[in-house]
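*Asks:* after the sequence you'll find the predicted model.
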Amino acid sequence: MEQRISEKYLNFASVIDEATLAQNRLTAQMPFIYPHLASMPDAHLGKGAAVGSVIPALGAVIPAAVGVDIGCGMIAVRTGHRASDIAGLDRRKLREAIERAVPLSAGHNNKVLTASAGTRTGELADDAAAAGFDPAAYLRDWRLQLGSLGSGNHFIEVSLDEEESVWLFLHSGSRGVGNKIAQRHIKAAQTYCTGRSIKLPDRDLAYLEEGAPEFDRYIAELMWAQKFALLNREEMMDRVLACFGAWTGERVLERERINCHHNYTEVEEHYGRKVWLSRKGAIDASPGRAGLIPGSMGTASYVVEGKGYAPSLNSAPHGAGRQFSRTRARRTFSRDQLRQAMAGIEYRDTAAFIDEIPAAYKDIDTVMADAKDLVSVRHVLRQIVNVKGD
């Protein structure tokens, strides 16, 4: 059950540190917040606004409250395969095939465009022209990023649900081009507020207002980056499906596909008014809406359905949420501890992933218990293959 911290701030997390509470209090004080900021069960400290916060604004958007990985989110496919169909196959071969098919890690892009990536980037180029900007002004080779994973907590997984059905599951966003768009408009918002002598409780809470050219430019490029992220996940999933089919030697039947953002902004109606709703580390949990909530590396993930809980602004958590910074995690945990956490899961055994160890994150079961009013669980997934970038 939520806790009302102030008139403008509802907290849904049973485990939350004081720094995150304080950050959310600041954001909730912004003059355009309506009806209140909702802090998700996985909330933790972020840039400007906390990760895991849902920020409804009347006539304004805070670019840093959308985040620098515009459109980051999840995609999952439930296949027609079952655990028994792949029991005798070498999972390492599948992992290595996926690692060859999808560029991993920061700065790693495709060498050439696949036919499907060419079609998707052609659509994006048309959209950008219609929006009045050139993505190449941000990143010359933006097309070659479509179909690439990135690093950090981005991943590709093969999982089994409670009925032993095989799921393909991945997490990524708008890559370098989205990051550069975000950084430009965070600075533009700071310039906008400075030029109007707007006093801010935190420089990263700088905002843009409807009616201003800077607002229109940001929204146009934001929507483009959100679509890039969506298509980036689609492209990668198509490649993973191809790898899985080649590995099994059988046609892969796709029974269900879910693709959802968890770092984005859109216009929604809440408590009788239209607002610009920024979900920074949260998913849409409108009534009947399918969503994806991943755990951390080595733990369960969830396929959910939204309950449309109004106080949460029809939102739900986007994952486990960090409780250790990457630096602190590297100081605290060892490669042997990571191996123990990943027992039974095929993954690339490297010290580069120590900061992604499950113990660096909140307990996903606690997060899901906190979200019981927000979503119902359709499937619980357990990983059998994990692919990540350094």
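*Replies:* Looks like it came in fine.
*Asks:* neighbouring contacts of stretch 219-229?
*Replies:* Outside stretch 219-229, the residues that touch it by Cβ atoms under 8 Å, 6 or more residues apart in numbering are 61, 63, 66, 69-73, 124, 127-128, 131-133, 135, 142, 146, 172-175, 177-178, 181-182, 185, 261, 264-265. Quick note: C-beta positions are derived from backbone N, CA and C, even for glycine.
*Asks:* cool, stretch 182-192 as well?
*Replies:* Residues contacting stretch 182-192 (Cβ under 8 Å, 6+ apart): 48, 62-64, 66-70, 138, 198, 203-204, 206-209, 212, 214, 217-218, 221-222, 225.
*Asks:* next, the buried residues of it.
*Replies:* Residues of stretch 182-192 classed as buried: 182, 184-186, 188-190, 192 (neighbour count, 16 or more other Cβ atoms under 10 Å).
*Asks:* could the residues you listed be laid out in CSV, adding secondary structure and distance to residue 316?
*Replies:* Formatted as CSV, the buried residues of stretch 182-192 follow (DSSP: H, G, I helix; E, B strand; the rest coil; distance: Cβ to Cβ, whole Å):
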residue, secondary structure, distance to residue 316
182, helix, 23
184, helix, 30
185, helix, 27
186, helix, 26
188, helix, 31
189, helix, 27
190, helix, 31
192, helix, 32
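*Asks:* can you list those in JSON lines and add pLDDT and distance to residue 256?
*Replies:* Shown next, in JSON lines, are those (pLDDT from 0 to 100; distance: Cβ to Cβ, whole Å):
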{"residue": "182", "pLDDT": "97", "distance to residue 256": "31"}
{"residue": "184", "pLDDT": "98", "distance to residue 256": "37"}
{"residue": "185", "pLDDT": "98", "distance to residue 256": "35"}
{"residue": "186", "pLDDT": "97", "distance to residue 256": "36"}
{"residue": "188", "pLDDT": "98", "distance to residue 256": "40"}
{"residue": "189", "pLDDT": "98", "distance to residue 256": "39"}
{"residue": "190", "pLDDT": "98", "distance to residue 256": "43"}
{"residue": "192", "pLDDT": "98", "distance to residue 256": "43"}
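*Asks:* CA atoms only: put the top strand by length along the chain into PDB for me.
*Replies:* Across the chain, the longest stretch assigned as strand under DSSP state E is strand 375-388. Output in PDB follows, covering the C-alpha atoms of strand 375-388 (Å, rounded to 0.1, in the frame of the first residue of the first chain):
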ATOM      1  CA  VAL A 375      -0.300  -5.300 -11.600                       C
ATOM      2  CA  SER A 376      -1.300  -8.900 -11.700                       C
ATOM      3  CA  VAL A 377       1.400 -11.500 -12.600                       C
ATOM      4  CA  ARG A 378       0.700 -13.600 -15.700                       C
ATOM      5  CA  HIS A 379       4.100 -15.400 -15.900                       C
ATOM      6  CA  VAL A 380       7.200 -15.800 -13.800                       C
ATOM      7  CA  LEU A 381      10.300 -16.300 -15.900                       C
ATOM      8  CA  ARG A 382      13.600 -18.000 -14.800                       C
ATOM      9  CA  GLN A 383      16.700 -17.500 -16.900                       C
ATOM     10  CA  ILE A 384      18.700 -20.300 -18.600                       C
ATOM     11  CA  VAL A 385      20.800 -18.100 -20.900                       C
ATOM     12  CA  ASN A 386      22.100 -14.600 -20.300                       C
ATOM     13  CA  VAL A 387      23.900 -12.300 -22.800                       C
ATOM     14  CA  LYS A 388      25.300  -8.900 -21.700                       C
END
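*Asks:* for that strand, packing partners?
*Replies:* helix 91-101, strand 155-160, strand 165-172, strand 290-293, strand 301-306 (3 or more Cβ pairs under 8 Å, 6 or more residues apart in numbering; DSSP states H and E).
*Asks:* ok, and for it, which residues are buried?
*Replies:* For strand 375-388, the neighbour count (16+ other Cβ under 10 Å) marks 375, 379, 381-388 as buried.
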